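>>> Quick check, what structure comes out for this input:
(one chain, ligands or ions: 2)
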Amino acid sequence: MSIKKLLTGITAFDHISAGGLPYGRTTLISGSSGCGKTLFGAQFLAMGIQLFDQAGVFVTFEEQVDDIRVNLRTLNWDIDGWERDGKWVFVDASQKDDDTMLVGDYDLSGFQVRLEYAITKCNAKRVVLDSIGSVFTEFQEMNTIRHELFKVTMELGRLGTTSIITTERTEEYGKVSRLGVEEFLTDNVIILRNVLSDEKRRRTIEILKFRGSTHEKGENLFTIHPEQAIVIIPLSAMDLKYRSSSVRVTSGIAKLDDMCGGGFYRDSIILVSGSIGAGKTLLVADFINGIKAKQERCLLLAFEESREQLFRNASGWGHDFAKLEDDGFLKVVCIYPKYLRWKTTCLIYKRL
Ligand SMILES: Nc1ncnc2c1ncn2[C@@H]1O[C@H](COP(=O)(O)OP(=O)(O)O)[C@@H](O)[C@H]1O
Ligand SMILES: [Mg+2]
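Ligands and ions are numbered 1, 2, ... in the order given. Here you go, the predicted structure:
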């Protein structure tokens, strides 16, 4: 039997992880700077509170608490309110100028006491330790600190929390972590990547392993949305199960409808191919006009010409795109496709 999981509430993560994070255990999230580790951790806590009424503790070793608050402000998470209600507790373990570092000189016992106190105070079910890299820079003796962190993870398990520890890596492919933490955090590992490819950034999430449990293998794309935070696009969810329709939609050209046996099938995608000046955009303009006659609506995404060019050309063919827009039959969006792929996808979903 597979081990128990805790639903995270992070869009599509629960799908690719086959049910969430391993319950009562610690998962290591590794990734290069800026790949979204802190955000993932914060989202894990925010969703816990919003969707499951589970309190959480966020330990920051690196960023100041106020900086984290400011960075997360766009996401409409009421962290201040949750703190007042005792559902979200920050433990500030970041190094301060006055040298009041939480950890002791030789061990993490002082820190452990504070962590335990925070967890019991709010009855936390979720804990995030972000990121442990700075703990290592404080200590000379790497093995000692690994041992100390191992004790912390054991304690987290004893307290029944499901936890995330984040760590840095310098390369997108290669060693899991530059600090060798995977030597003791071996059971559950997730890698976030932010790869530069073809002049664009490609963010992916890979569940490297969950001990004793199934999950999807390989990289899944994700994006960071200003309001929804991390949104994963699981390839496996794209089942080819769409229904097909036998309803015909007019092409806007009577002769072409006859040639197609009564028009295009609804739900179909028609590829119109031709050399420059062959009449591709003209065919599009006729199609839009035909839809108007049926009182339907059309979204036109133009990847080559500007609005003005399109409208001018359409008027040359006797179609008034501006009026169609005013009457609510048409919405024209002109964008350069390569860099705005995500925006286009959002727009289509919104309109559907
Ligand atoms: N509130 C936000 N709104 C939009 N984008 C954000 C927000 N917070 C973070 N990001 C994006 O996520 C990226 C990574 O954030 P972060 O989680 O701090 O990375 P890491 O902790 O891995 O260094 C940022 O560079 C930014 O592009
Ligand atoms: Mg971070």
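>>> So which bits of the stretch 101-250 of the chain are right by ligand 1?
For the stretch 101-250 of the chain, the residues in contact with ligand 1 (Cβ under 6 Å from any ligand atom) are 224, 226. C-beta: built from backbone N, CA, C; applies to glycine.
>>> And the strands in the stretch 101-250 of the chain, which stretches?
126-130, 162-168, 188-197, 200-210, 219-225, 229-233, 248-249 (DSSP state E, counting those that start in this stretch).
>>> Mind putting those into a markdown table with mean pLDDT and mean neighbour count?
Rendered in a markdown table, the data for the strands of the stretch 101-250 of the chain read as follows (pLDDT from 0 to 100; neighbours: other Cβ atoms under 10 Å):
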| stretch | mean pLDDT | mean neighbour count |
| --- | --- | --- |
| strand 126-130 | 96 | 26 |
| strand 162-168 | 94 | 25 |
| strand 188-197 | 92 | 18 |
| strand 200-210 | 92 | 18 |
| strand 219-225 | 93 | 18 |
| strand 229-233 | 93 | 20 |
| strand 248-249 | 90 | 18 |
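>>> I'd like those laid out as JSON lines, including distance to Cys35.
Listed next are the strands of the stretch 101-250 of the chain as JSON lines, based on distance: least, Cβ to Cβ, whole Å:
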{"stretch": "strand 126-130", "distance to Cys35": "13"}
{"stretch": "strand 162-168", "distance to Cys35": "9"}
{"stretch": "strand 188-197", "distance to Cys35": "4"}
{"stretch": "strand 200-210", "distance to Cys35": "7"}
{"stretch": "strand 219-225", "distance to Cys35": "10"}
{"stretch": "strand 229-233", "distance to Cys35": "11"}
{"stretch": "strand 248-249", "distance to Cys35": "44"}
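>>> wait, which of those strands is closest to Ile335?
For Ile335, the closest of these is strand 200-210, at 15.0 Å, according to Cβ to Cβ.
>>> just to revisit the earlier point, relative to Glu325, which of the strands of the stretch 101-250 of the chain is closest?
With Cβ to Cβ as the criterion, Glu325 lies closest to strand 248-249 of the strands of the stretch 101-250 of the chain, at 20.3 Å.
>>> Can you tell me how far Val333 is from Ala285?
Val333 sits 16 Å away from Ala285, going by Cβ to Cβ, to the nearest Å.
>>> between the two, who's got more neighbours?
Ala285 (23 against 16; other Cβ atoms under 10 Å).
>>> Secondary structure class of the more buried one, three-state.
helix (DSSP: H, G, I helix; E, B strand; the rest coil).
>>> ok, now which ones touch it?
The contact partners of Ala285, by Cβ atoms under 8 Å, 6 or more residues apart in numbering, come to 313-314, 317, 319, 321.
>>> Adding secondary structure, write these out as CSV.
Shown next, in CSV, are those (three-state DSSP):
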residue, secondary structure
Asn313, helix
Ala314, helix
Trp317, coil
His319, coil
Phe321, helix
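>>> Can you flag the buried ones in those residues?
Burial by neighbour count, judged by 16 or more other Cβ atoms under 10 Å, picks out 314, 319, 321 from those.
>>> Just give me the neighbour total for the residue nearest to Cys122 when sequence neighbours are not counted.
Nearest non-adjacent residue to Cys122, counting by Cβ to Cβ, 6 or more residues apart in numbering: Ala55, 4.2 Å away. When neighbours are counted by other Cβ under 10 Å, Ala55 registers 23.
>>> Also Glu305?
For Glu305, using other Cβ under 10 Å, the count is 13.
>>> Please apply the same query to Thr120.
Thr120 has 10 neighbours, counted by other Cβ under 10 Å.
>>> okay, it: pLDDT?
Note for Thr120: predicted pLDDT of 96.
>>> Isn't it up against Thr161?
No: if you go by Cβ atoms under 8 Å, Thr120 and Thr161 don't touch, sitting 10.4 Å apart.
>>> For the residue sitting furthest away from the middle of the chain, give its distance to Asp286.
Within the chain, Lys255 marks the point farthest from the mean C-alpha position, 46.8 Å out by Cα atoms, centre = their mean. Lys255 sits 11 Å away from Asp286, going by Cβ to Cβ.
>>> where in the stretch 251-352 of the chain is pLDDT low?
Where the stretch 251-352 of the chain drops to pLDDT under 70, the residues are 337-352.
>>> Name whatever forms a beta bridge with Leu192.
Under the criterion DSSP bridges, Leu192 forms beta bridges with Gly31, Ile205.
>>> Quick one: residues contacting it.
29-31, 35-37, 40, 203-205.
>>> buried subset of the residues you listed?
By the neighbour-count criterion of 16+ other Cβ under 10 Å, those include these buried positions: 29-31, 35-37, 40, 203-205.
>>> Please name the nearest non-neighbouring residue to Asp267.
Ser245 (4.7 Å).
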